[in-house]
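Enquirer: Here is the input, now give the coordinates:
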Amino acid sequence: MAEGLNKRSQRGESGVKIYDVLRNKGFVAGVHAKDVLEDTSTHKVLTVTIDAGAQIPPCTMGSHTLFFVVEGEGTIRVGSDTKDIAPGQIVSIEPGIERSIKAETKMVVLAIQIHG
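Expert: Below you'll find the predicted structure:
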């Protein structure tokens with residue numbers, strides 16, 4: 001991760017924005033928490049922290065969604081299929097499919113929703 005960042009994000013003169021997804025991550029006992037980093041008409045980027053044993057309840061999104069596992073391990077259920085997930089993995093889910101994530105250990109997940 002970029003060193004020297006003293007804020008959660010920085011925007012350079014070129015319009016590039018850098019987010020530090022590992023800074024200020026907080027776990028709330030027994031639940032998951034969302035932190036929206038960017039929300040535009042074309043996409044939404046957020047970090048999700050999930051305490052060990054907690055889960056994101058089943059939901060269906062209208063957008064194509066990518067989940068990048070930053071840290072921790074768990075399982076993701078997409079439709080009727082359940083898979084183990086671990087750091088470094090990306091899960092790509094088409095719109096309209098029910099999904100949920102359960103954390104075996106504390107997890108940090110970067111979620112990117114692509115609208116349209």
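
Enquirer: Strands along the chain, start to end?
Expert: If DSSP state E is used as the criterion, the strands of the chain fall at 9-11, 17-19, 32-39, 43-50, 55-60, 64-71, 74-78, 81-85, 90-93, 98-103, 107-114.

Enquirer: now these in TSV, with mean neighbour count?
Expert: Using the backbone N, CA and C atoms, a C-beta is placed for each residue, glycine as well. Shown next, in TSV, are those (neighbours: other CB atoms under 10 Å):
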stretch	mean neighbour count
strand 9-11	12
strand 17-19	15
strand 32-39	14
strand 43-50	20
strand 55-60	12
strand 64-71	18
strand 74-78	18
strand 81-85	13
strand 90-93	15
strand 98-103	19
strand 107-114	20
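
Enquirer: quick one, what contacts the residue lying closest to residue 68 once chain neighbours are set aside?
Expert: Computed as CB to CB, 6 or more residues apart in numbering, the closest residue to residue 68 that is not its neighbour in sequence is residue 110, at 4.3 Å. The contact partners of residue 110, by CB atoms under 8 Å, 6 or more residues apart in numbering, come to 21, 45-48, 67-68, 70.

Enquirer: ok now stretch 41-50, how far from the chain's centre?
Expert: In terms of CA atoms, centre = their mean, to the nearest Å, the centre of stretch 41-50 is found 6 Å from the chain centre.

Enquirer: again with stretch 97-109
Expert: 9 Å.

Enquirer: swap in stretch 87-106?
Expert: Distance, centroid of stretch 87-106 to centroid of chain: 8 Å (CA atoms, centre = their mean).

Enquirer: quick check: mean pLDDT across it?
Expert: Stretch 87-106 carries an average pLDDT of 97.

Enquirer: contacts for that stretch?
Expert: 27, 32, 48-79, 83, 85, 107, 109.

Enquirer: Could you list the low-confidence segments of the protein?
Expert: 1-13, 24-26, 28 (pLDDT under 70).
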